[in-house]
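1. no letters, just coordinates:
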């Protein structure tokens with residue numbers, strides 16, 4: 001963004017507004033067997049996370065995307081809980097990131113008070 005703080009602020013606020021509920025949509029896609037749509041959603045989160053400096057979101061989205069592409073093989077008699085654990089961690093990271101963005105940059109946050 002080359003030093004354009006207002007532009008970065010706008011991108012972060014837009015991310016929080018448009019992607020804060022992505023994991024709900026992702027779960028719906030998975031329940032409906034729309035794996036490609038779920039992978040695209042994770043790929044988008046990975047890219048946006050990287051572009052905006054949300055590295056935890058980026059890394060967890062990347063891990064979840066890889067697990068959807070190449071599902072882990074569960075041990076005999078066990079379950080592949082890895083994917084669910086990564087998705088749960090991603091949900092928490094996404095919620096925390098969006099909440100932080102809105103608190104710090106929203107219209108009532110410090111940046112909205114004249115920046």
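-> Here it is on my side, so go on. Please read all numbers here as calculations on a predicted model, not as lab measurements.

2. contacting residues around the lengthiest helix in the chain?
-> In the chain, assigned by DSSP state H, the helix with the most residues is helix 81-105. For helix 81-105, contacts defined as C-beta atoms under 8 Å, 6 or more residues apart in numbering pick out 9, 12-13, 15-16, 19-20, 22-23, 26-27, 45, 54, 56-57, 60-61, 63-64, 67-68, 71-72, 109-112. Placement of C-beta: from N, CA and C, glycine included.

3. buried stuff in that helix?
-> Applying a neighbour-count criterion of 16 or more other C-beta atoms under 10 Å, the buried positions in helix 81-105 are 83, 86, 87, 90, 91, 93, 94, 97, 98, 101, 102, 105.

4. ok, stretch 6-22 next?
-> Those buried within stretch 6-22 under the rule 16+ other C-beta under 10 Å are 8, 9, 11, 12, 13, 15, 16, 19, 20, 22.

5. look up how far residue 58 lies from the first one.
-> When you say that, I think you mean residue 8. 16 Å (C-beta to C-beta, to the nearest Å).

6. which among the buried residues of helix 81-105 gets closest to residue 4?
-> residue 105 (14.2 Å; C-beta to C-beta).

7. any idea which helix or strand carries residue 29?
-> helix 22-31 (DSSP states H and E).

8. and residue 35, how close does it get to residue 83?
-> 11 Å.

9. any common contacting residues for the two?
-> Common contacts of residue 35 and residue 83, defined by C-beta under 8 Å, 6+ apart, comprise residue 68.

10. report the angle between whichever strand or helix holds residue 64 and helix 81-105.
-> In the assignment (DSSP H and E), residue 64 maps to helix 55-69. Orientation check (axes from the mean of the first three to the mean of the last three C-alpha atoms, to 10 degrees): helix 55-69 against helix 81-105 gives 150 degrees.
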